[in-house]
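Peer 1: curious how this folds, go ahead:
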Amino acid sequence: MSLTNAKIGFIGAGAMAEALAGGLVGAGIAAGQIQVADVDAARCEALRDRLGVVPAADNAAIAAACDIVVLAVKPNVVAEVLRGLGGADAAGLARPLWISIAAGTPLARLTRNLPGDARVVRAMPNTPALVGAGATAFCGNAAATPADRAAARALFECVGFAWEAPEEALLDPVTGLSGSGPAYLFAFLEALAGAGERVGLPKAVAEQLAAQTVYGAAKLARDSADSPARLREKVSSPGGTTLAGLAALAEAGFDTAVEAAVAAATARAAELGRD
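Peer 2: I've put the predicted structure just below:
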């Protein structure tokens with residue numbers, strides 16, 4: 001299945017749906033091939049005005065007309081939305097490829113309300129997709145074909161980096177690392193800018209320097225052939241300022257705190273999947 005000639009529908013028109021639809025349009029997919037449905041009709045109209053996509057009458061219209069259906073609703077309403085389409089008794093629901101971005105919603109829960117032969121891909125994108133710099137991991141069920149998984153990859157690559165997990169269980173650690181990771185970085189940014197302000201910088205300058213520093217360091221790490229460890233070594237001159245700062249971070253338990261954050265978020269993702 002190629003995205004170029006596929007009809008793509010979004011059930012749910014929130015921020016992530018807008019990011020993905022915008023990424024598709026930016027990648028050259030005709031806006032007229034993309035449909036959106038949402039309980040808030042104003043959201044669909046807003047996406048039509050901004051991106052040129054087509055508001056659908058309802059969720060059922062999306063499922064009936066589209067080759068790819070992206071479930072972009074809150075996890076707590078996924079089952080209700082799918083049951084509203086007719087559930088396992090609606091044989092027509094086996095026709096489209098289903099892609100879910102509902103956090104903590106395992107494939108087994110998704111397929112419970114779809115026909116047994118439905119092709120389903122579960123994905124975990126993150127919020128930097130909103131600016132085309134997302135990180136997404138995805139995994140298909142047994143019915144999803146290589147072409148289905150390639151279509152899912154192509155969709156998420158429109159808004160950043162995409163990785164196919166060899167097993168669904170890895171999506172919980174992905175949630176703990178990249179799904180929740182932006183919030184860790186925002187917390188670090190707050191702390192970094194606040195620390196700059198406390199040593200004498202004006203607040204606005206400290207915030208701008210902190211954001212640009214994190215952005216530049218992340219871009220360097222992504223684009224460089226060197227590992228993060230090697231990049232750290234390159235800026236850590238013996239007896240210099242950077243080593244003094246790194247020593248303070250180590251003494252405060254920086255690595256342990258980051259590890260605890262990822263582990264806690266991973267554990268919570270696994271709990272949500274079992275609920």
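Peer 1: can we go C-alpha only for contacts and neighbour counts from here?
Peer 2: OK.
Peer 1: low-confidence ranges in the stretch 51-200 of the chain?
Peer 2: 87-89 (pLDDT under 70).
Peer 1: can you show me the helices along it?
Peer 2: 59-65, 78-84, 107-111, 146-157, 171-174, 181-198 (DSSP state H, counting those that start in this stretch).
Peer 1: which elements pack onto the last one?
Peer 2: Under the contact definition 3 or more CA pairs under 8 Å, 6 or more residues apart in numbering; DSSP states H and E, helix 181-198 sits against helix 203-223.
Peer 1: so what's V121 closest to, chain neighbours aside?
Peer 2: G140 (4.1 Å; CA to CA, 6 or more residues apart in numbering).
Peer 1: hmm, that neighbour is touching A118, no?
Peer 2: No: if you go by CA atoms under 8 Å, G140 and A118 don't touch, sitting 10.8 Å apart.
Peer 1: tell me the domain boundaries of the protein?
Peer 2: 3-167, 179-274 (automatic domain parsing).
Peer 1: could I get those domains as a markdown table with distance to P173?
Peer 2: Conversion of the domains of the chain to a markdown table gives the following (distance: least, CA to CA, whole Å):
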| stretch | distance to P173 |
| --- | --- |
| domain 3-167 | 10 |
| domain 179-274 | 5 |
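Peer 1: which of these is buried the deepest?
Peer 2: When these are scored by mean count of other CA atoms under 10 Å, the highest mean neighbour count falls to domain 3-167 (a mean of 20).
Peer 1: for it, measure first residue to last.
Peer 2: 24 Å (CA to CA, to the nearest Å).
Peer 1: same thing with stretch 130-143?
Peer 2: Across stretch 130-143, the terminal residues are separated by 30 Å (CA to CA).
Peer 1: and the contacts of it?
Peer 2: With CA atoms under 8 Å, 6 or more residues apart in numbering as the test, stretch 130-143 has contacts from 15-16, 18-20, 23, 107, 117-129, 149, 152-153, 156, 158-168, 171, 174, 178.
Peer 1: now with 6 Å, please.
Peer 2: By CA atoms under 6 Å, 6 or more residues apart in numbering, the list of residues contacting stretch 130-143 from outside reads 19, 119-126, 128, 159-165, 168.
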